[in-house]
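Peer 1: need a 3D model of the sequence below.
(one chain, ligands or ions: 1)
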Amino acid sequence: MTKALIVAMTKDRVIGKNNDMPWHLPEDLKLFKAKTTGHIIAMGRKTYESIGRPLPNRENFVITRSGKEYDGCRVFGSVQECIKAAEEYDKTLFFIGGGQIYSDAVDMVDEMHISYIKENYDGDTFFPEFDESRWKVTETEEYGDFIYKKFVRLSA
Ligand SMILES: NC(=O)c1ccc[n+]([C@@H]2O[C@H](COP(=O)([O-])OP(=O)(O)OC[C@H]3O[C@@H](n4cnc5c(N)ncnc54)[C@H](OP(=O)(O)O)[C@@H]3O)[C@@H](O)[C@H]2O)c1
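Peer 2: Reported below is the predicted structural model:
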């Protein structure tokens, strides 16, 4: 089971504002859909509420301390619990945000799919800083509004 995260951020690491994304980039949404379809997506409760529904053709995991149920989703109390549950599936587990979940997941995933947005945006939620020397960029692809990079963790 591969553990991954997928994120779109500015070069200042902004990922969100007012519980929403500060941009609307259809090309990036298309990339997100292509990468995650058929797999597992795991997200914090705030990101789930901002999307408002389970995303189709994917297993949806919601992370919350509340114990609340969400229709069409499996609910877990931590990033670690998601990883344990994902071992039951022959699929990639993608952590899809938001900031709180990325902070926990960044130390646990094997790969990161990052879209670097070219324009600057203000925000109130950020992707954590990480040590790029511990990662190898294995793919780079330039799109109109962003540059996609795949990072694979170097073995310790
Ligand atoms: N740019 C991108 O790629 C991207 C992707 C996703 C989201 N976003 C943006 O990110 C923002 C939301 O991020 P956020 O940091 O505010 O919220 P979040 O990470 O989506 O959700 C936070 C919630 O997750 C639960 N949680 C977090 N850590 C936990 C832990 N260790 N154990 C159990 N539950 C835990 C808690 O839920 P309870 O309070 O219910 O216990 C917490 O309130 C929005 O602006 C969204 O649009 C951006």
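
Peer 1: residue contacts, the spatially most central residue of the chain?
Peer 2: Nearest to the mean C-alpha position of the chain, counting by C-alpha atoms, centre = their mean, stands Ile96 at 2.2 Å. Contacts were defined as C-beta atoms under 8 Å, 6 or more residues apart in numbering; by that measure Ile96 touches 5-7, 32, 36, 41-43, 47. From N, CA and C alone the C-beta is placed, and that goes for glycine too.

Peer 1: what's the closest of the residues you listed to the ligand?
Peer 2: Taking C-beta to the nearest ligand atom as the measure, Thr47 is the one of the contacts of Ile96 closest to the ligand, at 3.3 Å.

Peer 1: from what I see, the closest one and Ile101 are in contact.
Peer 2: Yes - contact criterion C-beta atoms under 8 Å: Thr47 and Ile101 qualify, at 7.2 Å.

Peer 1: okay, these two: which has more neighbours?
Peer 2: Thr47 (25 against 22; other C-beta atoms under 10 Å).

Peer 1: surely that one is within a helix?
Peer 2: Yes - counting by DSSP: H, G, I helix; E, B strand; the rest coil, Thr47 is located in a helix.

Peer 1: for the ligand, what are the nearby residues on the protein?
Peer 2: When proximity is defined as C-beta under 6 Å from any ligand atom, the chain approaches the ligand at 7-9, 15-17, 19-21, 43-47, 50, 63-66, 77-78, 96-101, 104, 125.

Peer 1: now tabulate the contacts of Ile96 in TSV and tack on pLDDT and secondary structure.
Peer 2: Converted to TSV, the contacts of Ile96 look like this (pLDDT from 0 to 100; DSSP: H, G, I helix; E, B strand; the rest coil):
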residue	pLDDT	secondary structure
Leu5	98	strand
Ile6	99	strand
Val7	98	strand
Phe32	98	helix
Thr36	98	helix
Ile41	99	strand
Ala42	98	strand
Met43	98	strand
Thr47	98	helix
